[in-house]
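Trainee: quick one, structure for this:
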Amino acid sequence: MLALGGKLKLAAVLVLTFPSVAPTLAQTSGAGSHSPHGNLDMPCQNCHTDNAWRPIRALPEFDHNQTQYPLRGMHQAVACTECHLKPMFKNVGLRCQDCHADIHKRQLGANCEQCHTVRGWMVSIQQVQQHNNRFPLTGAHAAVDCSSCHKGAANSRFQTTSTDCYSCHAADFKAATNPKHVTAQFGITCNQCHSTDNWLNAKFDHSTVGFALTNSHAVPPRQCTDCHLNNNYNLNSTACVSCHMKDYQGTNAPNHAMANMPQTCEQCHNTASWLNASFNHDKTGFSLTGMHTVPPRQCTDCHINSNYTLNSTACYGCHQKDYTSTTSPNHAAANFPQACGSCHNTTTWLSATFNHASTGFPLAGAHTVPPRQCTDCHINNNYTLNSTACFSCHQKDYTGATSPVSHTGFPTTCESCHDAVRWSDGKFDHSTTGFPLTSSHTVPPRQCTDCHLNNNYTLNSTACFSCHQKDYTGTTAPAHSAAGFPTTCELCHDTSVWTNSTFNHDKTAFPLTGSHTVPPRVCADCHVNGNYTTLPINCIGCHQTDYNNTANPGHFAQPQFFPTTCQKCHSTNNWLNASFSHTQYSPFPTSHGNANNVCSTCHTHSNDYSVFQCTGCHGGNNANNFHHDKVSGYVYNNINCYQCHQNGQGGG
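Mentor: Numbers count the residues shown, from 1 in each chain. A predicted model of the protein is given here:
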């Protein structure tokens with residue numbers, strides 16, 4: 001009954017609360033009624049009271065946080081029926097647009113929470129995150145509401161609003177008077193001067209126009225009208241004089257206009273200080289150095305009578321008076337060139353130095369010490385000397401010279417022997433004559449007279465014989481003259497030591513090799529009786545005795561076998577170890593049987609090699625001891641053996 005009573009009360013409340021559901025409740029109560037909220041798993045009394053279905057309790061015991069949509073912000077103050085229009089609570093959507101109409105007509109998409117939150121319907125610009133895509137809101141732009149820029153509130157065309165400053169600030173541009181933007185024809189790219197932080201505190205980057213403001217152009221804090229008089233912002237020149245013509249014309253120290261100074265003010269002036277001008281004299285092609293700068297020079301020190309049209313950088317242009325009055329030496333009298341820079345410099349005018357090397361005659365050695373005066377050489381103030389020859393100044397030294405010999409007849413090219421270090425210590429480079437002095441020609445320290453007898457310096461031959469004829473004729477080992485030796489001494493002798501001569505026999509038609517050189521040979525070994533003229537170059541010419549006396553085999557007795565062309569068998573390495581070609585006479589090998597290349601094995605008569613023996617080895621000279629198998633009618637003697645066995649093998 002209690003349960004039924006509760007359901008009836010709930011039905012009554014629902015009828016009162018939701019009249020449209022009354023018929024439904026009436027229809028369902030008779031057949032077993034149920035909750036119009038559907039399957040809502042909670043006691044009715046959490047929301048309803050025992051008195052009536054409505055109104056519901058002021059503080060229903062329902063935790064909305066346990067649902068899929070916790071209530072936050074302004075949703076917490078809304079009555080249930082403002083969102084739940086039907087008793088079936090779970091049929092309510094979770095998206096903003098399910099309850100809230102899109103007054104933006106989908107210009108901004110369906111995601112309301114991009115701008116709005118549950119804390120309040122009106123939002124600040126900071127919350128419009130999408131604004132960063134096209135036009136980030138910074139500075140003062142972040143403090144205004146949407147309608148300040150997007151006119152027409154929710155119906156504004158958000159996506160097509162221009163991002164150009166002028167599109168919103170045209171009125172500000174036209175109303176600006178300091179300076180007047182319209183009159184000055186300023187560009188409408190406002191962001192060149194203005195920022196979003198403060199519209200009034202504009203700043204202009206003057207360097208963007210090609211004329212950066214520095215130093216006095218910037219301080220004290222300049223106003224545009226300081227330079228742009230009468231609101232003239234169409235200046236088209238960055239030349240200083242375009243603004244400073246009055247300063248140029250009024251300057252009298254020096255007087256710029258009278259001196260016709262150029263109007264390129266920046267050559268001397270800068271923006272740090274107009275009055276403290278400095279001029280870079282280097283740009284004129286005449287740098288100021290040394291005394292030209294100290295004591296601190298004034299322009300008028302050189303530019304007399306305010307003459308700034310000087311067109312010469314020659315020292316003489318200013319120092320003519322110094323040139324004509326100089327007496328040590330007298331420049332004018334000596335006809336010195338007027339190129340003062342050759343000797344003088346800007347450090348000190350009086351301490352002049354002259355680079356003598358520039359004349360083609362550098363001063364070195366004794367020409368510089370003791371510290372020379374110009375008059376030491378330039379006698380009688382003569383500076384027109386046109387010769388650098390030593391003799392032109394040292395003729396007296398030349399004619400008076402007696403050591404090592406009188407120079408009379410010597411060439412007057414003094415530098416051949418003398419130098420500037422010390423005149424008396426003359427040295428002559430003999431190699432310049434085509435005859436260098438080497439070895440014994442230089443030691444012991446030679447005097448010129450050792451070779452140049454009777455002061456004869458006109459020798460015209462470099463042949464050794466011209467000086468050594470006495471040595472040639474006096475030589476006896478061997479006697480050069482008697483042997484008819486050539487007088488080209490250098491073939492055997494050198495300058496190291498005259499007596500230790502060496503002769504290159506290769507230069508003759510008979511080079512010495514082998515035993516012809518050892519033991520160390522002396523010329524007389526071959527050149528007997530001092531004969532250096534008729535010796536033959538064939539072996540027999542010297543070795544006839546060896547040839548005649550040779551007995552094994554006997555050469556002289558049988559020249560048909562042993563001719564006098566010794567080199568066919570002998571060599572210079574070893575005379576006794578001869579080699580003989582047997583095949584030139586017979587194909588019979590010298591190594592046959594036990595002969596072992598010993599001639600006398602077959603040739604038993606040393607003086608007659610036409611005689612030979614076979615039977616001595618084959619049968620012991622006894623026919624009974626020899627049997628010639630398979631050969632009938634053979635004759636047992638040496639000649640018959642050779643007839644068949646000429647090559648030492650089987651007969652044919």
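
Trainee: and residue 588, how far from residue 522?
Mentor: 45 Å (CB to CB, to the nearest Å). Where you see a C-beta, it was placed from the backbone N, CA and C, and this is true even at glycine.

Trainee: for residue 207, same thing?
Mentor: 105 Å.

Trainee: what of residue 236?
Mentor: 112 Å.

Trainee: more crowded one of those two?
Mentor: residue 522 (10 against 5; other CB atoms under 10 Å).

Trainee: what are the ranges of the helices in the stretch 1-150 of the chain?
Mentor: For the stretch 1-150 of the chain, the helices defined by DSSP state H, counting those that start in this stretch occupy 2-17, 22-29, 80-83, 146-149.

Trainee: oh, I was asking about the stretch 451-600 of the chain
Mentor: With DSSP H, counting those that start in this stretch as the criterion, the stretch 451-600 of the chain has helices at 465-474, 480-483, 523-526, 539-549.

Trainee: quick check, pLDDT for residue 25.
Mentor: Residue 25 carries a pLDDT value of 36.

Trainee: counting neighbours, what do you get for residue 407?
Mentor: Number of residues near residue 407 (other CB under 10 Å) recorded here: 19.

Trainee: apologies, that question was intended for residue 259.
Mentor: Counted with other CB under 10 Å, residue 259 comes out at 15.

Trainee: now do the same for the closest residue to it other than its chain neighbours: its pLDDT.
Mentor: In this structure, residue 259 finds its nearest non-sequential neighbour in residue 308, 4.2 Å apart by CB to CB, 6 or more residues apart in numbering. pLDDT recorded at residue 308 is 83.

Trainee: what sits against the nearest residue to residue 542 once chain neighbours are set aside?
Mentor: Nearest non-adjacent residue to residue 542, counting by CB to CB, 6+ apart: residue 526, 6.3 Å away. Neighbouring residues of residue 526 by CB atoms under 8 Å, 6 or more residues apart in numbering: 516, 535, 542.

Trainee: still on that earlier bit, roughly how far does the residue nearest to residue 259 sit from residue 277?
Mentor: Distance, residue 308 to residue 277, using CB to CB: 14 Å.

Trainee: same check, this time on residue 484
Mentor: 102 Å.

Trainee: more neighbours: the two, which one.
Mentor: Shown here are residue 484 and residue 277; by other CB under 10 Å, residue 277 has more neighbours (13 against 9).

Trainee: ok, now which ones touch the closest residue to the more buried one other than its chain neighbours?
Mentor: Using CB to CB, 6+ apart and skipping residues adjacent in sequence, the residue nearest residue 277 is residue 268, 4.1 Å away. Neighbouring residues of residue 268 by CB under 8 Å, 6+ apart: 277-279.

Trainee: residue 250 - how many residues pack around it?
Mentor: Residue 250: 11 surrounding residues under other CB under 10 Å.

Trainee: thinking again about what came up before, from the contacts of residue 526, which has minimum pLDDT?
Mentor: Among those, pLDDT bottoms out at residue 535, giving 88.

Trainee: verify the stated contact: it with residue 524.
Mentor: No - the pair residue 535 / residue 524 is not scored as a contact, 12.0 Å apart, by CB atoms under 8 Å.

Trainee: coming back round to it: what's the ChimeraX line that selects buried ones from the contacts of residue 526?
Mentor: In ChimeraX, this line selects whichever of those come out buried by 16 or more other CB atoms under 10 Å:
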select :542
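
Trainee: which residue ranges of the stretch 251-400 of the chain form helices?
Mentor: Going by DSSP H, counting those that start in this stretch, the stretch 251-400 of the chain shows helices at 299-302, 316-325, 374-377, 391-400.

Trainee: go through stretch 542-551 and flag the buried ones.
Mentor: 542, 547, 550.

Trainee: oh sorry, the question was meant for stretch 431-445
Mentor: Result for stretch 431-445 [16+ other CB under 10 Å]: buried residues residue 437.

Trainee: okay, the contacts of residue 526 in JSON lines with distance to residue 388 next?
Mentor: Converted to JSON lines, the contacts of residue 526 look like this (distance: CB to CB, whole Å):
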{"residue": "516", "distance to residue 388": "63"}
{"residue": "535", "distance to residue 388": "63"}
{"residue": "542", "distance to residue 388": "68"}
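
Trainee: quick check, nearest of the contacts of residue 526 to residue 226?
Mentor: Nearest to residue 226 among the contacts of residue 526: residue 516, at 116.9 Å, using CB to CB.

Trainee: contacts only, for that closest one.
Mentor: Contacts of residue 516 (CB under 8 Å, 6+ apart): 526, 572.

Trainee: mind doing that once more with 6 Å?
Mentor: Counting by CB atoms under 6 Å, 6 or more residues apart in numbering, residue 516 touches residue 572.

Trainee: with residue 213 instead?
Mentor: residue 206.

Trainee: go on, residue 499?
Mentor: Contacts of residue 499 by CB under 6 Å, 6+ apart: none found.

Trainee: distance check, it against residue 440.
Mentor: With CB to CB as the criterion, residue 499 and residue 440 are 11 Å apart.

Trainee: likewise residue 78?
Mentor: 137 Å.

Trainee: and which of the contacts of residue 526 is nearest residue 396?
Mentor: After measuring those against residue 396 - CB to CB - the closest member comes out as residue 535, at 64.4 Å.

Trainee: pLDDT and distance to residue 135 added to the contacts of residue 268, as TSV?
Mentor: Below are the contacts of residue 268 laid out as TSV (pLDDT from 0 to 100; distance: CB to CB, whole Å):
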residue	pLDDT	distance to residue 135
277	83	51
278	84	51
279	84	54
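
Trainee: care to break the protein down by domain?
Mentor: Listed domain ranges for the chain are 2-94, 98-163, 166-306, 316-381, 391-455, 463-536 (source: automatic domain parsing).

Trainee: for those, which one sits closest to residue 614?
Mentor: Checking the domains of the chain against residue 614 by CB to CB gives domain 463-536 as the closest, at 38.0 Å.

Trainee: what pLDDT is listed against residue 21?
Mentor: Per the predicted model, pLDDT is 38 at residue 21.

Trainee: I meant residue 433, not that one.
Mentor: The model's pLDDT for residue 433 equals 85.

Trainee: from residue 404, how far off is it?
Mentor: 16 Å.

Trainee: what's the answer for residue 527, then?
Mentor: 44 Å.

Trainee: coming back round to it: make a markdown table out of the contacts of residue 268 and add distance to residue 298.
Mentor: Below are the contacts of residue 268 laid out as a markdown table (distance: CB to CB, whole Å):
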| residue | distance to residue 298 |
| --- | --- |
| 277 | 13 |
| 278 | 13 |
| 279 | 12 |
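
Trainee: among these, name the ones in strands.
Mentor: With strands defined by DSSP state E, no entry of the contacts of residue 268 lies inside them.

Trainee: re the thing from before, now render the helices of the stretch 451-600 of the chain as JSON lines, adding distance to residue 252.
Mentor: Formatted as JSON lines, these follow (distance: least, CB to CB, whole Å):
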{"stretch": "helix 465-474", "distance to residue 252": "93"}
{"stretch": "helix 480-483", "distance to residue 252": "106"}
{"stretch": "helix 523-526", "distance to residue 252": "110"}
{"stretch": "helix 539-549", "distance to residue 252": "120"}
